[in-house]
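1. Let's see this in three dimensions:
(4 chains)
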Number of protein chains: 2
Amino acid sequence: MPTHFSGSAADVRALNLLIKLMRASMTVKTQLSRAVTGHGLTEPQFGVLETLYFLGPLSPSALSHKRLSSGANITTVLDNLEKRELVRREQSEEDRRCSRVQLTPEGRRLIARIFPGHVAAARELFSVLTAAEQETLAELSRKLGVGIVERASRAPKAPRRAAQSAGRK
Amino acid sequence: MPTHFSGSAADVRALNLLIKLMRASMTVKTQLSRAVTGHGLTEPQFGVLETLYFLGPLSPSALSHKRLSSGANITTVLDNLEKRELVRREQSEEDRRCSRVQLTPEGRRLIARIFPGHVAAARELFSVLTAAEQETLAELSRKLGVGIVERASRAPKAPRRAAQSAGRK
DNA sequence: TATTGTTATACTCTATAACTATA
DNA sequence: TATAGTTATAGAGTATAACAATA
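-> Here you go, the predicted model:
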């Protein structure tokens, strides 16, 4: 798509970056998802297991924040994982509205078995870049991701940074 | 998740890059999708319209290759676009198995209206990086994406380049 | 026989809104 | 009233397999 588009230099640069970045990330994602689907897991399911594996038991609402999806959606994904007995929900005793989601032994076993291969596959894919290039790419990605989130939180709605709560009331 | 993982230096580097790259691309994608869903389009629908807009009429099979999804899936997405009269299918006269998918005037109008804002939004997001950083990120992304695809096509199935058809029979 | 495309089928994901239980 | 989570509902995406039409 890079052709046919005429705009400012900044527009052309942005579009070029957008295409390259999306294509690269999609390619990586697609390649890596093979290992995951091979174990009968969908990508969201894998993401939830991985999150629980590294962060420990979490409430559904915490999971929905971490995974950036709605509560109802997390409920669905957890239902599917619970059917396969990979996670378990336990009700909290202090606040009985809350629950804690944790890996079952089988769930832990599965993610522990998949994860090293997942990393190895990523290492293999990334080996088309030198170590230095990988580090540069990681750093620029980090700066981009963090920068966007920070900017968004600084100016929740308005396009310019203006004191929003000081506006009309 | 970067914590808690112990592996070789290459593994740690790969996992770090994977997390940063996926997070950045997801953040960009999520931000940009708002404009698209605002027009009642899903991401796959937008992708198909965009592809037809820049490449002209294509067959469903060509679309499924471009978009990296199955033929049946493209059929579904095209059905949904056709319901809204944004694309039209025409049967080829030479090879009557084939068809050509093209934008309707409304489809062209819609994508032409959305696309500039899409680019502008990308430009705005990427402005957290300098122009030089954007170019570096694009170049490394390109190298990564192209490198993976080339490597995969060189060794279609086997992990090592060995004459596959010379194996057992 | 091989190719193009659709149908049939079956899930999973996803969101919004309404609801339950608790605080 | 507000919060945590589920249910209800609806639709879109996705894939595999079977099929039709054509080459």
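
2. C-alpha from now on. contacts and neighbour counts both.
-> Will do.

3. what's the lengthiest helix in chain A packed up against?
-> Assignment by DSSP state H gives helix A:9-38 as the longest helix of chain A. If contacts are counted by 3 or more CA pairs under 8 Å, 6 or more residues apart in numbering or on different chains; DSSP states H and E, helix A:9-38 sits against helix A:43-55, helix A:105-126, helix B:9-38, helix B:105-126, helix B:131-154.

4. quick one: is the fourth one near DNA strand D?
-> The one in question is helix B:105-126. No: judged by CA under 7 Å from any atom of the strand, helix B:105-126 and DNA strand D are separated, with a smallest distance of 14.9 Å.

5. give me the low-pLDDT residue ranges for chain A?
-> Using pLDDT under 70 as the threshold, the predicted model of chain A has low-confidence ranges A:1-4, A:155-169.

6. List, one by one, the residues from chain A near DNA strand C.
-> Taking CA under 7 Å from any atom of the strand as the criterion, the neighbours of DNA strand C within chain A are A:42-45, A:69-73, A:76-77, A:80, A:94-97.

7. so which of those is the most crowded?
-> By neighbour count, taken as other CA atoms under 10 Å in any protein chain shown, the most surrounded of the residues of chain A next to DNA strand C turns out to be residue A:45 (18 neighbours).

8. Contacts only, for the closest residue to residue A:37 other than its chain neighbours.
-> Distances taken as CA to CA, 6 or more residues apart in numbering or on different chains place residue A:43 nearest to residue A:37, at 7.7 Å, with adjacent residues excluded. Residue A:43 makes contact with A:33, A:36, A:37, according to CA atoms under 8 Å, 6 or more residues apart in numbering or on different chains.

9. Any idea which residue is closest to the centre of chain A?
-> In chain A, the C-alpha closest to the average C-alpha coordinate belongs to residue A:67, at a distance of 6.0 Å (CA atoms, centre = their mean).

10. For it, give its distance to DNA strand D.
-> Separation of residue A:67 from DNA strand D (CA to the nearest atom of the strand, to the nearest Å): 13 Å.

11. Got the phi and psi for that residue?
-> The phi and psi torsions at residue A:67 (degrees, to the nearest 10) take the values phi -90, psi 0.

12. who's in contact with it?
-> With contact taken as CA under 8 Å, 6+ apart, residue A:67 is in contact with A:47, A:48.

13. Looking at the contacts of residue A:43, which is nearest residue A:104?
-> Minimum distance to residue A:104 across the contacts of residue A:43 is 18.4 Å, recorded for residue A:36 (CA to CA).

14. Which of the helices and strands packed on helix A:9-38 sits closest to residue A:151?
-> Of the helices and strands packed on helix A:9-38, the one closest to residue A:151 (CA to CA) turns out to be helix B:105-126, at 9.0 Å.

15. Which residues are in contact with the residue nearest to residue A:14 when sequence neighbours are not counted?
-> Distances taken as CA to CA, 6+ apart put residue B:123 closest to residue A:14, at 5.0 Å, once the chain neighbours are dropped. Taking CA under 8 Å, 6+ apart as the contact definition, residue B:123 lies against A:10, A:11, A:13, A:14, A:15.

16. change it to 10 Å
-> Each residue near residue B:123 by CA atoms under 10 Å, 6 or more residues apart in numbering or on different chains is listed here: A:10, A:11, A:12, A:13, A:14, A:15, A:17, A:18, B:117.

17. Could you do residue A:112 as well?
-> Residue A:112 is in contact with A:49, A:50, A:53, A:106, counting by CA under 10 Å, 6+ apart.

18. Those: which ones sit near chain B?
-> The subset of these within reach of chain B, counting by CA under 10 Å from any CA of the partner chain, consists of A:50, A:53.

19. could you dump the contacts of residue A:112 to TSV with neighbour count?
-> Putting these into TSV (neighbours: other CA atoms under 10 Å in any protein chain shown) gives the following:
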residue	neighbour count
A:49	25
A:50	20
A:53	19
A:106	13
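
20. Closest to DNA strand C out of the contacts of residue A:112?
-> Distance to DNA strand C, by CA to the nearest atom of the strand, is smallest for residue A:49 among the contacts of residue A:112, at 10.9 Å.

21. show me what contacts the closest residue to that closest one other than its chain neighbours?
-> Leaving aside its sequence neighbours, residue A:49 sits nearest to residue A:111 (CA to CA, 6+ apart; 6.6 Å). Residues counted as contacts of residue A:111 (CA under 10 Å, 6+ apart) are A:36, A:39, A:46, A:49, A:50, A:52, A:53, A:86, A:103, A:118.
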